[in-house]
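Asker: turn this into a structure:
(one chain, ligands or ions: 1)
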Amino acid sequence: MWRRYFSSNINSTRTLKEKKWDALVIGAGHNGLTAAAYLARSGLSVAVLERRHIIGGAAITEELVPGFKFSRCSYVQSLLRPSIIKDLELAKHGLKLLKMKAATFTPCVDGRYLLLTYNQKQNYKEISRFSKRDADAFPRDFVDLLLSPTSKVLNYWFETDVLKATLAGDAIIGSMASIHAPGSGYVLLHHVMGNTDGERNVWSHVEGGMGSVSSAISKAAREVGAHIVTNAEVSQLMIEDSGVVNGVLLEDGTQVYSSVVLSNATPYKTFMELVPQNVLPDDFFHAIKNIDYKSGTTKINVAVDKLPEFQCYKFNHPEAGPHHTATIHIGTDSMEEIGLACQDAWNGLSSRRPVIEMTIPSSLDKTISPPGKHVVSLFTQYTPYNLTDGSWEDPAYRESYAKRCFNLIDEYAPGFSSSVIGYDMLAPPDLERVIGLTGGNIFHGAMSLDSLFLMRPVKGWSGYRTPVRGLYLCGSGTHPGGGVMGAPGRNSAQVVIQDLKKYYV
Ligand SMILES: Cc1cc2nc3c(=O)[nH]c(=O)nc-3n(C[C@H](O)[C@H](O)[C@H](O)COP(=O)(O)OP(=O)(O)OC[C@H]3O[C@@H](n4cnc5c(N)ncnc54)[C@H](O)[C@@H]3O)c2cc1C
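Answerer: Residues are numbered from 1 along each chain as shown. From the prediction side, this is the model:
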């Protein structure tokens, strides 16, 4: 088995050296793969070079506990652009979306719960149980959130704590910003722009885990001739004396030639680690160096021997209920709780009562866990990269954080801790080391107002081109930002195709 894998990789590396490629892509995240697919479709010869043993970056499936397949980083989908799904025929290449039966489920310690679905009438009834005024106000234009603090807008609109906290939960995803900071609502808006099969703001699990998104894109890319190589870490860009890109140097010393290189690595990694500093304009170098890569996220992937049973929502059935298929918000009975969890992190502590978004993909997907057992994904906040009360290197500290999360879930679903068979945990330094996410930031840089649109990745360079001729960015650090969207990859490929026509035809 090992010999077969090893020799197929040697062949791939050998092929890399055989010719000068029309384009190279550093990194096989879903955006790098998307870029490769669009470039190859336009007739260009393309090679993708991935440092890990698997493709997908933060959209991956890994079997870390035998029999349990985890969406190790990203875990739910709705942001992938419909035009990309169509252009690349991702359904034909194996992408199967499993629509959630409910949108969000927020259990409360006082025994109440809020279950929001995709049905306006049902939501009206559900919110009316708390407040008729809030039910009337619910279907409104979210645009105020673009500039104002999340808490200010939600307090103005609503009076029900659990409703405000459920919505605020989407605004803090992947962020270290407080819900009281102006502009903190943008991430919430970012998360309601997607769809599943044409239904707006409907989220889905992906059959086989999020790695199936990357796998389908890679099949589309390979079908049109893209060459994808794993275990191929790029250590440096090769740049001619004239300042123009000439290819890349791999860790193993292999030189791969091309006048066009797209980097799916973070802007920081690309310019601070792969490009020699002397070829970059000073102001650009300093702007990239100062991108905000703070992260408060720790992902815990858990294998359990039974479905969690929530004491506020009795569901006397062995199969999963609609609430099990939703994003389940734990520790967010009120916005005050989110504020306190965030405050801990600003003081250098992992939150004493973390905010947890729990999903149970095996509630819909029978291909990822043994019968009767389940995969539980815990997206937890807030956990600073640098701690003042311990270290992420310390196994005892790590275990105590995981147990804190499990114990918190026990308050809502008693017996959860004792159902745990095994788990894998990625704290911010792990996300950086394992996945390549600078600072552990899940979006390749904060999605704050000063780092969006024309300011992403930095002012003056939002068009995927860079100060180095022939080098382009194609990852989430570029417009329109993080999430499993594919848009940066596709947009970047389109800019490359335009430039190639302009300069070389
Ligand atoms: C814990 C977590 C949960 C998330 N949840 C969701 C979610 O549920 N839904 C959602 O839509 N989004 C989610 N996101 C965000 C989303 O996953 C990312 O924004 C997106 O996957 C990034 O894709 P990308 O292709 O731009 O970059 P990446 O996926 O980061 O890919 C970059 C690739 O480049 C490779 N690379 C880096 N340097 C080199 C080098 N020198 N040589 C070769 N290869 C290199 C890396 O190994 C990696 O494979 C989540 C992210 C995380 C981390």
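
Asker: which residues touch Asp333?
Answerer: With contact taken as Cβ atoms under 8 Å, 6 or more residues apart in numbering, Asp333 is in contact with Thr106, Cys108, Val109, Asp110, Asp161, Val162, Ala165. From N, CA and C alone the C-beta is placed, and that goes for glycine too.

Asker: how near is it to Ala168?
Answerer: 12 Å (Cβ to Cβ, to the nearest Å).

Asker: ok, Glu357 next?
Answerer: With Cβ to Cβ as the criterion, Glu357 and Ala168 are 12 Å apart.

Asker: and the helices in the stretch 351-500 of the chain, which stretches?
Answerer: 395-412, 428-430, 487-504 (DSSP state H, counting those that start in this stretch).

Asker: how close does Gly483 get to Arg352?
Answerer: On the measure of Cβ to Cβ, Gly483 and Arg352 end up 29 Å apart.

Asker: more neighbours, these two?
Answerer: Gly483 (27 against 11; other Cβ atoms under 10 Å).

Asker: what residues does this structure put near the ligand?
Answerer: Proximity of the chain to the ligand is confined to 26-32, 49-52, 57-59, 73-77, 79, 233-234, 264-265, 269, 297, 299, 379, 431, 435-437, 442-444, 475-476, 482-484 under the rule Cβ under 6 Å from any ligand atom.

Asker: continuing past the host helix or strand of Arg14, what's the next helix or strand?
Answerer: Per DSSP states H and E: Arg14 is located in helix 2-18. Sequence-wise, the next helix or strand downstream of helix 2-18 (DSSP H and E) is strand 20-21.

Asker: from the contact counts, what lies against that next one?
Answerer: On a contact count with 3 or more Cβ pairs under 8 Å, 6 or more residues apart in numbering; DSSP states H and E, strand 20-21 meets strand 255-258.

Asker: quick one: list the elements packing against whichever helix or strand comes after the strand it packs on.
Answerer: From strand 255-258 onward toward the C-terminus, using DSSP H and E, the following helix or strand is strand 261-263. With contacts defined as 3+ Cβ pairs under 8 Å, 6+ apart, strand 261-263 has these neighbours: strand 23-26, helix 30-41, strand 245-250, strand 471-473, helix 487-504.

Asker: need the ones you listed in CSV (columns: mean pLDDT).
Answerer: Output for the helices and strands packed on strand 261-263, formatted as CSV (pLDDT from 0 to 100):
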stretch, mean pLDDT
strand 23-26, 98
helix 30-41, 98
strand 245-250, 98
strand 471-473, 98
helix 487-504, 94
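
Asker: now these in a markdown table, with mean neighbour count?
Answerer: Formatted as a markdown table, those follow (neighbours: other Cβ atoms under 10 Å):
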| stretch | mean neighbour count |
| --- | --- |
| strand 23-26 | 30 |
| helix 30-41 | 31 |
| strand 245-250 | 21 |
| strand 471-473 | 26 |
| helix 487-504 | 19 |
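
Asker: contacts for stretch 243-254 next, please.
Answerer: 13, 16-17, 20-21, 24, 26, 49, 51, 232-240, 255-261, 274, 279, 468-471.

Asker: filter these down to the buried ones.
Answerer: Buried members of those, counted by 16 or more other Cβ atoms under 10 Å: 13, 16, 21, 24, 26, 49, 51, 232-234, 237, 239, 256-261, 274, 279, 468-471.
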